[in-house]
Every structure is written in structure tokens, then in C-alpha cells.
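[1] got a predicted model here, sequence first, then my questions.
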Amino acid sequence: MTATPHSPGRAGPARSSGVREPGRLRAMVRLGRVKFLLQSSSVVGAGTAVAVAASGGFSPRMYLLVLLFAWLGHLMTHYCNEFFDLDADRANPSPTSWTGGSRVLVDGLLPPRVSLSAAFVLLFCALCTAMALPTAGQRLVAVAVLAVSWFYTAPPVRLNYRALGEVACATVLYALVPLLAFLAQSTPVTPELFAYLGVVFALQLLRCLIMNLPDIPGDQRVGKTTLAGVLGPSNVTRAYAGGNALVYAAVAVVTVTGTLPPVTGGALLATLPIPVWVASRLRTGVLGDQRGAELVTFWSSMLLPATSCAVIVGMTVTAFLGRGAPGPWLVVATATIALFGAWLARTVPATVGRSRRATRRDRRSATGVGAT
């Protein structure tokens, strides 16, 4: 009988008790899936960039406060999800590096209670950070972020088990967090902000559909209902292609009409090849093999930080040409773009390597090479 996420006393394979402390530390970091914090960093930067372009001002203290809150909330969500999604992760026959969880609890490297305990600690720290925000409106947005994030998988709400997870994820990470970053700069809301939020919300919703596709078989085994599972692979493929076509058409319209500055609109349109490639691969049924799933989920994930970085570039250039961009913000914007670029340069070869190794394993299995 397998342990469930709600029976933390059963930690999995007995070998977990023999893991040395350095191994436990590495497992704890891996459990938190730190690589995904790049997305929260980029959306905080993008929301701030829109505010800087609108006002010409920049508060480093408020930027750092929101960034800290976003990281704490993001990590909290990961540790919470690992605990409450354990049954679904165990039932998943084909996880990738970007879907199916960290596999730390599945492999028995740490007991499940460690993940839940970490989630509670991070929730407390995030709430304390939220209470340090200066206005009631900002604190309300922050609390909404934490509430939706926690109940993404936690009972009794379990949004991602009721076909609401994709919408919840898009609402938190690509609507509420950049909105909070914008508001923290004490700038009145602008049409540019709503245009940006609408674009990235829609793109994140479409991305979440793709990320849940490889998990459908395991999800169905444990009664987990995602929107991707309800729609099915063929409808998700059509929704992704059609949805991205509509989003990028909307970007072109709001750029031509002047709602978005030309530099920002042009930078966003420059990311179009990514969803075009993903959509073309989806039509071939590529998620049926591990190599294809690895690459498609990777590039569908990279579209979101890429669009956020495009907004950072576009809005910073707009600010520089208009009111002027404060020196500290130029440093932050440059560092954010450079970090994403360096991480991408390191991650692309690693992802391609993993996909090739998966292909070789599949071929060996098909031919019986190495079988015992």
C-alpha cells in the first residue's frame, strides 16, 4: 500500500533514512524547484518596469520587498504542491524536468512531512513580508496571492483538482504578482499595465495547459481533474495554437493603437517564434515520447520569462527616451535580463542533452538492448 500525502509518517523507501546531511540539503533545494523562481523574478521586474515608464520614479526598497515576497510565496507553493500532489506524482509514468514535480518525495529522499513543514514556514515568512507593505490595497493583493497559491493543491479547495488550476496559476503569477510590483512603486494604474497583464495572463494560461498535458495519465489514476485533462490533447493543441494567434494579434493591435509603446510591442512580437515552434511540435503528437515532451514543456515555459524580459526591455527603453530611467532601475533591469540570458545559455544545452538521453533509453527499450 503506497503512502498518501496525508500520511506524513510514511516517508517512502527505507533508504531515505540513510541519506547523509549534505544529500538532504541538496534534496531540500531540489524539492523547492528553485529554477522556477526565474519566473517570479521576471514578472516582478516587468511590473516594476511598467511603473517606471509611467512615473519616471523607482523605489529600490519596494522592489526588493515585493521580490522577497514573490520568492517566498513561489517557494511556499512548490513545497505545498509537492506534499499534496504526492499521489499524482507517484502515479505519473512520464515526468519531465518541467512537469511531474521534483521527484524528491517520490524517490524517498526526504519524508513528506519535511515538505509540508517547509511550506508552513515559508507561508508565515511571506505573510510577515506582506504585512510590511505600506498600503491596505497592496496587502490585500499579497494575501490573495498566498491564498490562491496555497489552495492550488491543498484541501479543501484543491483548485488544480477541479479544472481550475491553470486559471489559478495564471492569475497569481502573471496577474497579481506583477500588479503588486506595479502598485508598490506608488504609480496610478495605466492602460499599459492592463495591456501587459492581459497578454501575459493569457500566455500563462495556455502554457499551463501544455504543462499539464504529460501528467494526464497519472492525474486520471488518482482522480485529479485538470483543465488539460478535461479538454484532452487534441483540443489543448488547438487551443494553444489559436490562443497564441489571438494573443499576438492583440499585441499588434494595442501597439498600433498606441496602448503599448512601440518598443515594448515590438519586443513582445519578437517572442512569437517560440509558441509557433511549440504549436508545430504539438501537432505531431510529440508529447508521446520523452524527448519531445522535454523540449516542448521547456520552451513553452521559457516563453513567459521571455515575454516578461521583453516588457522590461521595452518599458525601460521607453522610460529612458521619455521621462528618463533612474540609474538604480537601469542596474536592476540589466541584471534581470542578464540573469535570464545566462540561465538560458546554461539550461538549453542541458535540456537538449536530457532529451537525447531519453531518446536513447526509449530506443534501447524498444529493441531490448540492455534488458535483463
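    Yep, that arrived.
[2] kindly export stretch 238-254 (C-alpha atoms) in CSV.
    Taking C-alpha atoms only, stretch 238-254 is exported to CSV below (Å, rounded to 0.1, in the frame of the first residue of the first chain):
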residue,chain,number,x,y,z
ARG,A,238,-5.9,23.6,-31.0
ALA,A,239,-6.4,25.9,-28.0
TYR,A,240,-2.7,26.6,-27.7
ALA,A,241,-2.3,27.4,-31.4
GLY,A,242,-5.4,29.5,-31.7
GLY,A,243,-5.0,31.2,-28.3
ASN,A,244,-1.4,32.3,-29.1
ALA,A,245,-2.6,33.6,-32.5
LEU,A,246,-5.2,35.7,-30.8
VAL,A,247,-2.8,37.0,-28.2
TYR,A,248,-0.1,38.1,-30.6
ALA,A,249,-2.8,39.7,-32.9
ALA,A,250,-3.9,41.6,-29.8
VAL,A,251,-0.4,42.7,-29.1
ALA,A,252,-0.1,44.1,-32.6
VAL,A,253,-3.4,45.9,-32.3
VAL,A,254,-2.6,47.6,-28.9
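[3] ok, and what's touching that stretch?
    Contact with stretch 238-254 is made by 195, 198-199, 202-203, 205-206, 209-210, 231, 260, 265, 268-269, 272, 275-276, 278-279, 282-283, as judged by Cβ atoms under 8 Å, 6 or more residues apart in numbering. For glycine as for every other residue, the C-beta is placed from the backbone atoms N, C-alpha and C.
[4] so how far is that stretch off the chain centroid?
    How far stretch 238-254 lies from its chain's middle: 20 Å, per Cα atoms, centre = their mean, to the nearest Å.
[5] got the buried residues for it?
    By neighbour count on 16 or more other Cβ atoms under 10 Å, the buried set for stretch 238-254 is Ala239, Tyr240, Ala241, Gly243, Asn244, Val247, Tyr248, Ala250, Val251, Ala252, Val254.
[6] what residues are up against the residue nearest to Val236 when sequence neighbours are not counted?
    Excluding the flanking residues, the one nearest Val236 by Cβ to Cβ, 6 or more residues apart in numbering is Leu209, at 4.9 Å. Leu209 sits next to Glu166, Leu227, Ala228, Leu231, Val236, Ala239, Tyr240 when contact means Cβ under 8 Å, 6+ apart.
[7] if we can go back for a sec, from the buried residues of stretch 238-254, pick the one nearest Ala136.
    The closest of those to Ala136 turns out to be Val254 (Cβ to Cβ; 30.8 Å).
[8] A helix includes the closest one, no?
    Yes - residue state for Val254 (DSSP: H, G, I helix; E, B strand; the rest coil) corresponds to a helix.
[9] from the chain's centroid, how far away is the helix or strand harbouring Leu65?
    Counting by DSSP states H and E, the element that carries Leu65 is helix 60-84. Centroid separation between helix 60-84 and its chain, computed with Cα atoms, centre = their mean, is 12 Å.
[10] now the element after it, going C-ward?
    helix 86-91.
[11] so Leu109 is in contact with Val29, correct?
    No - with contact defined as Cβ atoms under 8 Å, Leu109 does not count as touching Val29 (11.3 Å).
[12] who's more crowded, these two?
    Using other Cβ atoms under 10 Å, the more surrounded residue of Leu109 and Val29 is Leu109, with 23 against 12.
[13] report the contact partners of Asp219.
    By Cβ under 8 Å, 6+ apart, the neighbours of Asp219 are Ala88, Ala91, Asn92, Asn212, Thr225, Thr226, Gly229.
[14] cool, and Leu159?
    Listed by Cβ under 8 Å, 6+ apart, the contact set of Leu159 reads Val148, Phe151, Tyr152, Thr153, Gly165, Val167, Ala168.
[15] again, only this time at 10 Å
    Residues counted as contacts of Leu159 (Cβ atoms under 10 Å, 6 or more residues apart in numbering) are 148-153, 165-169, 171, 226.
[16] among those, which two are most distant?
    Pairwise distances across the contacts of Leu159 peak at 18.0 Å for Trp150 and Thr226 (criterion: Cβ to Cβ).
[17] who's more crowded, the two?
    Per other Cβ under 10 Å, whichever of Trp150 and Thr226 has more neighbours is Thr226, with 25 against 21.
[18] how near is the more buried one to Leu31?
    Distance of Thr226 to Leu31, computed by Cβ to Cβ, to the nearest Å: 22 Å.
[19] the helices in the stretch 151-300 of the chain, which residues?
    With helices called from DSSP state H, counting those that start in this stretch, the stretch 151-300 of the chain shows them at 165-171, 177-183, 191-212, 216-221, 227-231, 233-256, 262-269, 273-283, 290-321.
[20] run the chain-centre distance for the longest one.
    Spelled out, that is helix 290-321. That offset, for helix 290-321, works out to 12 Å (Cα atoms, centre = their mean).
[21] for that helix, what does the pLDDT average out to?
    The average pLDDT within helix 290-321 is 91.
[22] how about stretch 241-252?
    For stretch 241-252, mean pLDDT is 97.
[23] contacts only, for Pro95.
    Asp89, Gly101, Ser102, Arg103, Val106, Pro214, Asp215, Gly218, Gln290, Ala293.
[24] now do the same for it: helix, strand or coil?
    Following three-state DSSP, we place Pro95 in the coil state.
[25] same check, this time on the one 3 residues further on
    Under three-state DSSP, the three-state class of Trp98 is coil.
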